[in-house]
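Chemist: Here is my input; please provide its structure:
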Amino acid sequence: MTAIVVDHRKDRKGPGASTPPPGDDAPMYQPRRKIYPQSVSGTYRRVRWIVLLVTLGIYYLLPFVRWDRGPGAPDQAVLIDLPARRFYFFFIEIWPQEVYFFTGLLILAAMALFLMNALAGRVWCGYLCPQTVWTDLFLAIERLCEGDRRERMLRDAHPLTTEGVARKSAKHMLWLFTAWWTGGAWVLYFADAPTLVKELATGEAPLIAYGAIGVLTFTTYTLAGLMREQVCLYMCPWPRIQAALTDEDALNVTYRFDRGEPRASLKKGAALRAAGEPAGDCIDCGQCVAVCPTGVDIREGASLGCIQCGLCIDACDTVMRRVGQPERLIAYDTDLNIRRRQEGKPQQFRLVRPRTILYSAIIVLVGGIMVYALAVRSPVGVAVQHDRNPVAVTLSDGHVRNGYALRLVNKAPVETTFVVTVSGPADAALDIVGGVAADGGAVRVTVGPDQTRELRALVTAAPLPAKETSVPVVFHAVDASTGIAATVDDTFRMP
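Modeler: Residues are numbered from 1 along each chain as shown. This is a model prediction of the structure:
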């Protein structure tokens, strides 16, 4: 097995240099060490708070948003109606046969993820991933109950006291409440939210709703509260995929070792500079490691554990301001720019390049196709399936009859009457079981609002000329009130 280690330490000299990586005799797996992320303030911390509030606000409150779709239709803005096999998203209604819209959404999500990676590495992981968002919320609850990093470490290092038990109990109770409400909010997307809340409170909700809430409560509590960074380090496949997709122009949270090395404490660094010796701006305070939610030391180079959240940037900037040094010793940067600065060349940021153009073009193309499909889709539809056995029947008068399963689709919120006709075979006559005969050989069929109706259709025609075994047949269905038409092709066959 070949291992590739990305490490800048080989170029570092001086008192602050790190020790070399472990050799072949090092264990493959290290025992887990508990991570105590420290609170921090700054630009990226504020961005994360905003993202957390917006995303969780949408998740928890969206089921209660109403949208009027007319009489008889659900008025929940976002609803996955499994019994009716419908997905409602504000003014959009998706039917099961329109699964291609979900395919388009999956393509858009993948391309957006690839584009974010090409621009700024694992920015999805650092700001938008549900695991990150809920872990951030659970960490905030932990700090509220048990204090910041130093206090939590001191309490864990000493035997439990009455106060410690009370604080930990409060923390876990709040974690469980948050996890429970997370599961409860999820099931609200599958039924009318106010009604389901009332049923849940009175014990009248379906058993599957309580089961789903229980499972999601357990998983949220476990993943966001207990496992935390272990999910990012070992369970999530995206860090491995991202490492294969990235390139040298992607912006990543980077320790600018060209400026920071060799490391030295503040006093030692000043003494080295006074003596004309090299000294970097990094004072080896360890704040970048203390605030990292996954316990990564960004100074050791690229790491799969880094979720690109930028908290180490805020921590380092705070320290740099205190010691009178320029900010952004840690920043969103590239290794290519570090090499360019070492060579005396100006920095170069290439956000627009072939892969970002390609991803953006695919997003625009797929998004445009989906918008066009939504704009031109018809509220009526028709589908047929030819009988398999028998394929055709010869009647006593010599005519041939073919049978079909005819399905009419009415996506409108009102009852619709369809006028169905058939064309193709010579002297074709249409008969629909359950329909009403109309002028010109047409048949009138009524379909309820937002429903489909399957009927038995019989097409009778004169025998085909010799050597012809089949001819095309076309079914036409026209909405009698709006004139909107739908057609479907099949074949008329000989016995």
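
Chemist: same for the helix or strand harbouring V488, what does it pack against?
Modeler: In the assignment (DSSP states H and E), V488 maps to strand 485-493. In this structure, strand 485-493 packs against strand 380-386, strand 400-410, strand 470-479, with contacts taken as 3 or more Cβ pairs under 8 Å, 6 or more residues apart in numbering; DSSP states H and E. Where C-beta positions appear, they are placed from N, C-alpha and C, glycine not excepted.

Chemist: in the last one, what's buried?
Modeler: Put plainly, it is strand 470-479. 470-471, 473, 475-479 (16 or more other Cβ atoms under 10 Å).

Chemist: if we take these, which one ends up nearest to F177?
Modeler: Distance to F177, by Cβ to Cβ, is smallest for D479 among the buried residues of strand 470-479, at 51.3 Å.

Chemist: Quickly list what the closest one is bridged to.
Modeler: Going by DSSP bridges, D479 is paired in beta bridges with F418.

Chemist: rewinding a little: export the helices and strands packed on strand 485-493 to a markdown table and append columns for distance to T421.
Modeler: As requested, these are exported to a markdown table (distance: least, Cβ to Cβ, whole Å):
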| stretch | distance to T421 |
| --- | --- |
| strand 380-386 | 11 |
| strand 400-410 | 12 |
| strand 470-479 | 5 |
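
Chemist: If you count neighbours, what's buried in the worst-scoring helix or strand of the chain on mean pLDDT?
Modeler: Lowest by mean pLDDT, DSSP states H and E among the helices and strands of the chain is helix 238-245, with a mean of 84. For helix 238-245, the neighbour count (16+ other Cβ under 10 Å) marks 238-239, 242 as buried.

Chemist: For K267, state which of those is nearest.
Modeler: Nearest to K267 among the buried residues of helix 238-245, with distances taken as Cβ to Cβ, is P239, at 38.4 Å.

Chemist: What sits closest to the closest one if chain neighbours are left out?
Modeler: Leaving aside its chain neighbours, P239 sits nearest to L304 (4.3 Å; criterion: Cβ to Cβ, 6 or more residues apart in numbering).

Chemist: measure the one you found to A250 for me?
Modeler: Distance, L304 to A250, by Cβ to Cβ, to the nearest Å: 15 Å.

Chemist: The stretch 151-300 of the chain: strands as residue ranges?
Modeler: 252-255 (DSSP state E, counting those that start in this stretch).

Chemist: coming back round to it: could you list every helix and strand that the least confident helix or strand of the chain packs against?
Modeler: Using 3+ Cβ pairs under 8 Å, 6+ apart: helix 238-245 touches helix 100-120.

Chemist: buried set for the helix it packs on?
Modeler: For helix 100-120, the neighbour count (16+ other Cβ under 10 Å) marks 101, 104, 107, 111, 113-120 as buried.

Chemist: and what of stretch 135-150?
Modeler: For stretch 135-150, using 16+ other Cβ under 10 Å, the buried residues are 135-139, 141-143, 145-146.
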